[in-house]
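> predicted structure and sequence below. I'll ask about it afterward.
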Amino acid sequence: MTAGTQPRPRRFIRANDVLSGQWTGEGYPFRYVVIWHNKEIVTKVRNSMIDTVLSAVELLESRGWQLVTLDESMSQACLRRPTAEAPRRAGW
């Protein structure tokens, strides 16, 4: 990273960060993002985990994002924003 260049935004976003409002997707420079839940706790709280990931997906869908795929364990969802709404990337 050179002086004046911002760090590259992360692509993996925790579902709880979406649901708590810590990550809204506003100003996100990329079209695709992965919403995930910690796989280590899948066996302990599977139903809660699935609900958390899907709730985050539904919240982002209401903001214009589209579900692309959901992994078989339902702990990760890949979403995209329609091209017309994706802001310009600068500094990467």
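Structure received.
> now do the helix-or-strand element of the chain with minimal mean pLDDT: which elements does it pack against?
The least trusted helix or strand in the chain, going by mean pLDDT, DSSP states H and E, turns out to be helix 42-61, with a mean of 80. Secondary-structure packing of helix 42-61 (3 or more CB pairs under 8 Å, 6 or more residues apart in numbering; DSSP states H and E): helix 15-19, strand 32-36, strand 66-70, strand 76-80. Glycine gets a C-beta too; all of them are placed from N, C-alpha and C.
> do you know the pLDDT at the residue nearest the centre of the chain?
Centroid-nearest residue in the chain, with CA atoms, centre = their mean: Ile35, separated by 3.6 Å. Looking at Ile35, its pLDDT stands at 87.
> cool, and the one 5 residues further on?
In the predicted model, Glu40 carries a pLDDT score of 57.
> can you check Trp65 too?
94.
> that one: what's it in contact with?
25, 33, 57, 79-81 (CB atoms under 8 Å, 6 or more residues apart in numbering).
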